[in-house]
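A.B. asks: Kindly generate the corresponding structure for this input.
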Amino acid sequence: MSPIAVTIPQAVNLSGLSRSAIYAALQRRDLSAKKAGRRTLIPVAELEAYLASLPNFQPGE
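C.D. replies: Predicted coordinates for the structure are as follows:
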C-alpha cells in the first residue's frame with residue numbers, strides 16, 4: 001500500500017526537488033500541504049500534479 005501523503009524529506013526524495021524548491025512551491029501556493037500537529041504533509045496526488053505542471057525540458061534552450 002502506498003502512502004497518500006508524505007513529509008517534506010520524503011517529498012524531496014520522491015520528486016528529486018530540493019528542500020528549498022519544495023518550500024518555495026509551498027510559499028507560492030503552487031503546492032499545498034496539510035499540517036498534522038508539527039508535521040507538514042504533502043498529499044502524493046498534489047505532489048504528482050505539481051510535477052506534471054512543470055514545463056517540459058527543451059534541449060538547447
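A.B. asks: From here on, just use CA atoms for contacts and neighbour counts.
C.D. replies: Fine.
A.B. asks: Would you mind measuring from the residue nearest to Leu31 when sequence neighbours are not counted to Asn56?
C.D. replies: Closest residue to Leu31 apart from its sequence neighbours, by CA to CA, 6 or more residues apart in numbering: Ala25 at 5.4 Å. From Ala25 over to Asn56 the distance is 17 Å, taken as CA to CA, to the nearest Å.
A.B. asks: These two - which one has more neighbours?
C.D. replies: Ala25 (13 against 7; other CA atoms under 10 Å).
A.B. asks: per-residue pLDDT, the more buried one?
C.D. replies: pLDDT, Ala25: 98.
A.B. asks: which residues sit against stretch 11-30?
C.D. replies: By CA atoms under 8 Å, 6 or more residues apart in numbering, the residues outside stretch 11-30 that reach it are 8-9, 31-33, 42, 47, 50-51.
A.B. asks: In a markdown table, list the residues you listed along with pLDDT.
C.D. replies: Below are those laid out as a markdown table (pLDDT from 0 to 100):
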| residue | pLDDT |
| --- | --- |
| Ile8 | 97 |
| Pro9 | 97 |
| Leu31 | 97 |
| Ser32 | 96 |
| Ala33 | 97 |
| Ile42 | 98 |
| Leu47 | 97 |
| Tyr50 | 97 |
| Leu51 | 97 |
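A.B. asks: Now list the buried members of these.
C.D. replies: Listed as buried from those are 8, 31-33, 42, 47; burial here means 16 or more other CA atoms under 10 Å.
A.B. asks: From the contacts of stretch 11-30, which land in strands?
C.D. replies: Ile42 (DSSP state E).
A.B. asks: Which members of the contacts of stretch 11-30 occur in helices, if any?
C.D. replies: 8-9, 47, 50-51 (DSSP state H).
A.B. asks: Can I get these in JSON lines including distance to Ser20?
C.D. replies: Listed next are those as JSON lines, based on distance: CA to CA, whole Å:
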{"residue": "Ile8", "distance to Ser20": "10"}
{"residue": "Pro9", "distance to Ser20": "11"}
{"residue": "Leu47", "distance to Ser20": "15"}
{"residue": "Tyr50", "distance to Ser20": "15"}
{"residue": "Leu51", "distance to Ser20": "15"}
